[in-house]
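Undergrad: A predicted structure for the sequence below; I have some questions about it.
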Amino acid sequence: MKKDSRGKPRRIFNNFNAIAVIIGIVIGIGIFRLPSMVAQNAASELHYLSFWIAGGIISIIGALCYAELASAKPDAGGEYFFLTKAFGPGTGFLFSWGRMTVIQTGSITLAAFILGDYASVIYDLGTYSSSIYAGITVVGLTALNIIGTGPSKNIQTAMTSIIVVVLLLAGLAGVLTGFSAEPVQAASDSGVTTSAGAAMIFVLLTYGGWNEGVYLSAEIKDVRKNISRVLLLSLATITVLYVLINSAYLQLLGLETLRNSDTIGVSLSNKIIGSGGSFAMAVLIVISALSTANATIITGARTNYALGRDFPLLKFIGQWNHANNTPVNALLLQGFIAFGLVILGGFTEEAVSTMVDYTAPVFWFFIFLTTLSLFVFRRNPNYKLSFRVPLYPLTPLLFMTVCLYLLYSSVVFTGWGALVGILILLLGLPVYYFAQNR
């Protein structure tokens, strides 16, 4: 048999490495900003904490569905591979196009801009300080991944370990300190309009990114046995950390302060370690943003590689560098698009908000379709299962209902960025037909 000159992924990720990538994507900057928006829609402290517990449960339900898909059909293309096999190459191409131009590149840019905001607190580079830091982040992390998957995953593991340890210590310190601290201001219900639906939008956005684990399925050792463990252990860890850190927010700051603060992470660190908390928190959030951006770059390039592998028009990104075990051309294209979004974001007043709007509708649409593919595969008598989602079909149906609600919310309650993201996704249709004609 002739060897494929383009190369293929090697199985170099153990469970710990894969868990580090997933946690690195999920536990990013959201936990330091979005809890205030959740608190604005909570009637009480118990109500507030129940949202975070519910978010973990919903995410675990989704992970169970994805674990069955990834264990039955492991591939570097992840969701692209599932959608192509279930609904045909057109759907798979449109997903990869949307992921390459909207979902993944928008998420990388979002993390880079938040890094830029907090890095500017440490050292300001002038008017375009955030954009400069964001551009350096995209270029630097893309270069790191081109050097090789080995160095990238090792640095990812180190950054994720730092974040988990710091959050764990901060949560425990916050809860323990709260017992001896002065009572916090009681929450006032006057003028507060609570909405569980609105709260869950922000909660699930904070939990978002766990699905990226399936893009490592071609590189995880003994994937059919381990992918379910990787996804479930990742989300169990994340849920515990989120409930712990939010308990610390309540214990030290109180629900009323949470509702009215945009810098709750800084407020918490100031309560625990004093006036030096602002600098310490800025450093932690920079590390968190680096971790999120790097993990997103790792998984995003895998989809681009799978797209180029299957479509001759884009075959230049379907090459795998065997020596470095990395898709170099796919990384370069992804970095180029993300850098372009950084330039675009530099001319908007709310770059972070624009990137959230830009990615959300496309993201939830394809999460819904991927879960739907489970029903298509179950009808195939040759569909071999090493892991079965519990309580099928109720489990995937419940998760799909959540996806549809979030898709609706992300279109109705967001700004012009959402329309731009949808338009760029639809531009993939003529590109697909051109590729087919070629």
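TA: Here it is on my side, so go on. Numbering: from 1, shown residues only.

Undergrad: helix or strand with the lowest mean pLDDT in the chain?
TA: helix 264-273 (a mean of 70; mean pLDDT, DSSP states H and E).

Undergrad: touching, Gly208 and Phe363? I think so.
TA: Yes. The criterion here is Cβ atoms under 8 Å, and Gly208 meets it with Phe363 at 7.5 Å. Placement of C-beta: from N, CA and C, glycine included.

Undergrad: who has more neighbours, the two?
TA: Phe363 (26 against 22; other Cβ atoms under 10 Å).

Undergrad: which residues does the more buried one contact?
TA: Applying Cβ atoms under 8 Å, 6 or more residues apart in numbering to Phe363 gives the contacts Ile103, Gly208, Ser410.

Undergrad: what about these, which are in helices?
TA: Ser410 (DSSP state H).

Undergrad: residue contacts, Ile155?
TA: Counting by Cβ under 8 Å, 6+ apart, Ile155 has contacts Leu144, Asn294.

Undergrad: helix or strand for it, which one?
TA: helix 149-180 (DSSP states H and E).

Undergrad: figure out how far that helix is from the centre of its chain.
TA: Centroid separation for helix 149-180 versus its chain: 17 Å, with Cα atoms, centre = their mean, to the nearest Å.

Undergrad: repeat for stretch 23-32
TA: With Cα atoms, centre = their mean, you get 8 Å for stretch 23-32.

Undergrad: one more: stretch 306-313?
TA: What separates the centre of stretch 306-313 from the centre of its chain is 24 Å, taken as Cα atoms, centre = their mean.

Undergrad: tell me which residues are up against that stretch.
TA: 6, 75-78, 80-81, 84, 89, 92-93, 96-97, 100, 314-319, 329-330, 434-435, 438.

Undergrad: buried ones in that stretch?
TA: By 16 or more other Cβ atoms under 10 Å, the buried positions in stretch 306-313 come out as Ala306, Leu307, Gly308, Arg309, Asp310, Phe311.

Undergrad: got it, and stretch 398-406?
TA: Under 16+ other Cβ under 10 Å, the buried positions of stretch 398-406 are Phe399, Met400, Val402, Cys403, Leu406.

Undergrad: where's Thr109 relative to Val420, distance?
TA: Separation of Thr109 from Val420 (Cβ to Cβ, to the nearest Å): 13 Å.

Undergrad: neighbour count winner among the two?
TA: Thr109 (31 against 16).

Undergrad: same for the helix or strand containing that one, what does it pack against?
TA: Assessed by DSSP H and E, Thr109 sits inside helix 104-122. The contact analysis (3 or more Cβ pairs under 8 Å, 6 or more residues apart in numbering; DSSP states H and E) places helix 104-122 against helix 129-147, helix 277-310, helix 328-345, helix 351-378.
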